[in-house]
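Undergrad: A structural model of the following input is requested.
(one chain, ligands or ions: 2)
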Amino acid sequence: MQSEFFSCSQSSEQFLPTLDVLSELSADHVERYSRQMITADGFGVGGQKKLLSSAVLVIGAGGIGSTAIPYLAAAGVGRIGIVDFDTVDISNLHRQVIHKTADIGMNKAVSACHAVRSLNPMCEVYSYETDLNHGNALPLVQNFDCVVDCSDNPKTRYLVNDACVLAEKPLISASAIGTEGQVTVYNFQGAPCYRCLYPTPNAAGGCRTCVDAGVLGPVPGLVGILQATETLKVLTGSGTTMKGHLLMYNAMDCSFLKIVKPPKQTKCRVCGPDATILSMEASNASLLHAQGPMQTIDRPSLPSESNISCIEYSRVREDKVPHILVDVRTKLQFEMCALEEAVHIPLSSLSQQLDQIEKLSGGTKPVYCICRRGVDSVEATRILDAAKLSHPNIHSAKNVAGGLVSWRKEVDTSFPKY
Ligand SMILES: Nc1ncnc2c1ncn2[C@@H]1O[C@H](COP(=O)(O)OP(=O)(O)OP(=O)(O)O)[C@@H](O)[C@H]1O
Ligand SMILES: [Zn+2]
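TA: Ligands and ions are numbered 1, 2, ... in the order given. This is a model prediction of the structure:
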């Protein structure tokens, strides 16, 4: 059977008609899905029909979505909606394997749609080139049978959760950072929701991002596959899902740990009997008052005379003015790329290495501090400034504003971007 389905960019407000419940499998269905239908303890013909009549909304076509999406499409989920506002970047490709090098610059939801189409043209797939926000979350979620959260930030996790509770949809959630990943199922058959477990937005885990902490490529991939498996079980009603449990994976010792999570909380603000979050506006308001990782981090600042711009620092270099450049990033980042004259002293051990800096400066050479984006180097400059009382031979300390990210933009475009 040739598909009449098409992928298209969809407005998040647009209503999608419910998929027809499939009464009979076609010959194409049997050929394509036979291997999974005949699995002895799988979901059989009945389960396959349910999948073909099901609609799944995926939030995020990044590292986790990259495997969750194709496995859902390949298994025969009838309709998939993909939400992502971001575009494919070269730094995504080591793990976001649904996208190709030729897709760089393309919206990720659109690129993922193309991949789904070529994998399984029988799957009806829609791209939503937008962020999921409190304005569009509920109408979007209402169009689907369940939601697969492959996003990477706490604010989106709360929005997705609250929309799922309000729309009474199961939520299959996964996360990955560094060398670890997690999967669970919320709001399904009496299981707790995300807010039951993390009632206070600023207390939520997962506030580190891949940009800062890095991520081992296959980890989100594996987690996305586990998440797709849980989704198939939720949709077909087969097996025992991860509801009420959390599966934790550690790539470095190859361990899986399945832990029991606390039950649904009667005090939960969105799913409890006395819930106060009864709309997405209320959900959003609850996040606006949150502290810590939910808020944009304020950049620490220094008086202007304690900063040097990248352009100015490049002149210091060109003119061979004697100086010391201290790179305060972590060892791993320094080994990856650095300015050749830089001395590596990580911020974490700077206070213990003041004698060495004093020796290098020798009372004559100014010390410039640099890091990735000019946040840690501000802190380093403060530490060195304060140390001048006990270490008078530290000549002076300045922060290279904007760090190596600005260096690449303003001075040397060949410096690696990461
Ligand atoms: N509110 C949201 N609505 C839609 N998509 C979202 C939302 N929040 C996050 N995402 C998407 O979820 C995906 C998360 O995947 P991942 O963290 O692997 O990607 P990334 O953000 O591109 O990675 P990196 O941190 O390396 O830049 C991203 O593509 C991101 O754009
Ligand atoms: Zn709850």
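Undergrad: ligand 2 contacts on the stretch 201-350 of the chain?
TA: Within the stretch 201-350 of the chain, the residues that sit near ligand 2 (Cβ under 5 Å from the ion) are Cys268, Cys271. Any C-beta I mention is one placed from the backbone N, CA and C, and that applies to glycine too.
Undergrad: where exactly do the strands run in the stretch 201-350 of the chain?
TA: 245-250, 255-260, 307-308, 324-327, 343-344 (DSSP state E, counting those that start in this stretch).
Undergrad: now distance to Asn187, mean neighbour count and mean pLDDT too, for the ones you listed, in a markdown table please.
TA: Below are those laid out as a markdown table (distance: least, Cβ to Cβ, whole Å; neighbours: other Cβ atoms under 10 Å; pLDDT from 0 to 100):
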| stretch | distance to Asn187 | mean neighbour count | mean pLDDT |
| --- | --- | --- | --- |
| strand 245-250 | 14 | 16 | 95 |
| strand 255-260 | 17 | 10 | 94 |
| strand 307-308 | 48 | 20 | 96 |
| strand 324-327 | 46 | 23 | 98 |
| strand 343-344 | 47 | 15 | 97 |
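Undergrad: out of those strands, which is closest to ligand 1?
TA: Ligand 1 lies closest, by Cβ to the nearest ligand atom, to one member of the strands of the stretch 201-350 of the chain: strand 245-250, at 15.8 Å.
Undergrad: now the angle from that closest one to strand 255-260?
TA: 160 degrees (axes from the mean of the first three to the mean of the last three Cα atoms, to 10 degrees).
Undergrad: so what touches strand 245-250?
TA: The contact list for strand 245-250 (Cβ atoms under 8 Å, 6 or more residues apart in numbering) reads 179-184, 219, 222-223, 226, 255-261.
Undergrad: which parts of the helix or strand harbouring Cys196 are buried?
TA: Element membership for Cys196 (DSSP states H and E) is helix 194-197. When burial is assessed from 16 or more other Cβ atoms under 10 Å, helix 194-197 yields the following buried residues: Tyr194, Arg195, Cys196, Leu197.
Undergrad: dump those residues to a markdown table, plus distance to ligand 2 and pLDDT.
TA: Converted to a markdown table, the buried residues of helix 194-197 look like this (distance: Cβ to the ion, whole Å; pLDDT from 0 to 100):
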| residue | distance to ligand 2 | pLDDT |
| --- | --- | --- |
| Tyr194 | 7 | 96 |
| Arg195 | 5 | 96 |
| Cys196 | 3 | 95 |
| Leu197 | 8 | 93 |
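Undergrad: nearest to Arg32, of those residues?
TA: Nearest to Arg32, judged by Cβ to Cβ, of the buried residues of helix 194-197 is Tyr194 at 34.6 Å.
Undergrad: does that closest one touch Tyr186 like I think?
TA: Yes - counting by Cβ atoms under 8 Å, Tyr194 does reach Tyr186; the two are 5.3 Å apart.
Undergrad: find the residues that touch each one of those two.
TA: Contacts common to Tyr194 and Tyr186, judged by Cβ under 8 Å, 6+ apart, are Asn161, Leu171, Ser173.
Undergrad: among those residues, which are in strands?
TA: Within those, residues falling in strands by DSSP state E are Leu171, Ser173.
Undergrad: kindly identify which of the shared contacts of Tyr194 and Tyr186 also come near ligand 2.
TA: Within those, nothing lies near ligand 2 by Cβ under 5 Å from the ion.
Undergrad: now the shared contacts of Tyr194 and Tyr186: which count as buried?
TA: By 16+ other Cβ under 10 Å, these give Asn161, Leu171, Ser173 as buried.
Undergrad: among those residues, which one sits closest to Val21?
TA: If you rank those by distance to Val21 using Cβ to Cβ, Leu171 comes first, at 22.9 Å.
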